[in-house]
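1. have a look at this prediction, sequence included:
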Amino acid sequence: AHTIGSAHCSAFSERFHSDSTGKLALIDPSLDKDYAAMLTKQCQVGASASVTVNNDPQTPTIFDNQYYGDLLAHKGLFQSDSVLLNDTRTMNKVVNFANNQDKFFESWSRSFVKLASVGVKTGGEGEIRQSCSVINA
């Protein structure tokens, strides 16, 4: 999950639209209204592209399970994370991780070990993306 870090407003802008007064209005009913109001204050229409929001509003600089609690409270920044609550298989993981930080750490450790076995691309085999969501031109 996105327990540490921040995101540019454009990374979650699909959850809002610009209303007739030029202000952002919530269109994603899965998002907590108070949290959405806070996001629209930080990410106003016409704001600089450099504006970012913490992924985890409670503990943004601590690697912990708080983001899963945020998801259960419908305060997940990304729609892609919020949909984890739509399926019992993934919802159960969210609940378990939110309620038990040790289980979250155990799962993260296992996943990280698996990821480490994939191998790092070096030289011309890989690239450092300038934007995480787009392959460099």
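-> Looks like it came in fine. Numbering: from 1, shown residues only.
2. for the lengthiest helix in the chain, packing partners?
-> For the chain, the helix with the greatest residue count under DSSP state H is helix 101-116. Counting contacts by 3 or more Cβ pairs under 8 Å, 6 or more residues apart in numbering; DSSP states H and E, helix 101-116 packs against helix 88-99. All C-beta atoms are positioned from the backbone trio N, CA, C, and that covers glycine.
3. centre of the chain to the helix it packs on, how far?
-> A distance of 16 Å separates the centroid of the chain from that of helix 88-99, by Cα atoms, centre = their mean, to the nearest Å.
4. just the helices in this structure please.
-> With helices called from DSSP H, the chain shows them at 33-42, 66-72, 79-82, 88-99, 101-116.
5. can you add mean neighbour count and give those back as JSON lines?
-> Output for the helices of the chain, formatted as JSON lines (neighbours: other Cβ atoms under 10 Å):
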{"stretch": "helix 33-42", "mean neighbour count": "14"}
{"stretch": "helix 66-72", "mean neighbour count": "22"}
{"stretch": "helix 79-82", "mean neighbour count": "16"}
{"stretch": "helix 88-99", "mean neighbour count": "15"}
{"stretch": "helix 101-116", "mean neighbour count": "12"}
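6. closest one to Gln130 among the ones you listed?
-> helix 79-82 (20.7 Å; Cβ to Cβ).
7. from the contact counts, what lies against that closest one?
-> Helix 79-82 packs on helix 66-72, going by 3+ Cβ pairs under 8 Å, 6+ apart.
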